[in-house]
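Visitor: need coordinates for the below:
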Amino acid sequence: MSNEVESYDQVVKETKQKMVKAAEHLEDELRKIRSGRATPGLVENIRAEYYGSPTPIGQLANISIPEPRLIVIKPFDKSALSEIEKAIQKSDIGLAPSSDGKLIRLTVPPLSEERRKQLVSQIKKMSEQGRVAIRNIRRDQNKSVEAAQKKNVFTEDDRDKLLETIQEETKRFEKKIDDLVEKKSAEIMEV
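Guide: Sure thing, here's the model as predicted:
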């Protein structure tokens, strides 16, 4: 947020933008967690060297899921195949690629019950970090509004309405985080 608050709408817009970024960050992190099911999100953001530039696999290849436990990666340019394979091996997703010279297959093994519980615990920690980020945004925005009201940018009524709006957005985004975590946890616990 800029140091000077200029308008009511500016504060609401900035609050929403920051909270959306925090929720999207958590969503991206959750996408990287491997459940017992194959999803393109496991590999699409892994970066492979392509003509000297680290490029997400999602931009280098078609990623498909022909079966619930199989990911098939077909590079647009066959010369990128070996680099994509190397990038997957170096990544921390824990899947071994097998290549036939045209495409790469990744078999997603089922998770043990113990591993599922560990992942759900990890997800809960990540969700708490997301909630903390949302609350930090609320705190910072509230401070800005209070400071602006003291400089007579807002009336007391406007300040109170803004603080209420910021709190409503906080609750809405905390609910969104809870929903994301619940969905991912259910996906992981599903056999």
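
Visitor: tell me the mean pLDDT for stretch 12-20?
Guide: Within the predicted structure, the mean pLDDT of stretch 12-20 is 94.

Visitor: tell me which residues in that stretch are buried?
Guide: Neighbour-count burial for stretch 12-20 flags 12, 14-16, 18-19 (criterion: 16 or more other C-beta atoms under 10 Å). (Each C-beta comes from the backbone N, C-alpha and C, glycine too.)

Visitor: equivalent analysis for stretch 23-30, please.
Guide: Buried-residue list, stretch 23-30, by 16+ other C-beta under 10 Å: 23, 26, 29-30.

Visitor: hmm, who's touching that stretch?
Guide: Residues from elsewhere that reach stretch 23-30 (C-beta atoms under 8 Å, 6 or more residues apart in numbering): 45, 123, 126-127, 129-130, 133-134, 173, 176-177, 180-181, 184.

Visitor: sitting in helices, which of those do you find?
Guide: 123, 126-127, 129-130, 133-134, 173, 176-177, 180-181, 184 (DSSP state H).

Visitor: next up, phi/psi of residue 64, please.
Guide: As for residue 64, its main-chain torsions (degrees, to the nearest 10) stand at phi -130, psi 160.

Visitor: skipping adjacent residues, who's closest to it in space?
Guide: Distance criterion C-beta to C-beta, 6 or more residues apart in numbering; nearest residue to residue 64, sequence neighbours excluded, is residue 72 at 4.9 Å.

Visitor: determine how far the one helix or strand residue 30 maps to lies from the middle of the whole chain.
Guide: Assigned by DSSP states H and E, residue 30 belongs to helix 8-31. Distance of helix 8-31 from its chain centroid, counting by C-alpha atoms, centre = their mean, to the nearest Å, is 11 Å.

Visitor: quick one: name whatever helix or strand follows it.
Guide: Downstream of helix 8-31 (by DSSP H and E), the next one is strand 47-50.
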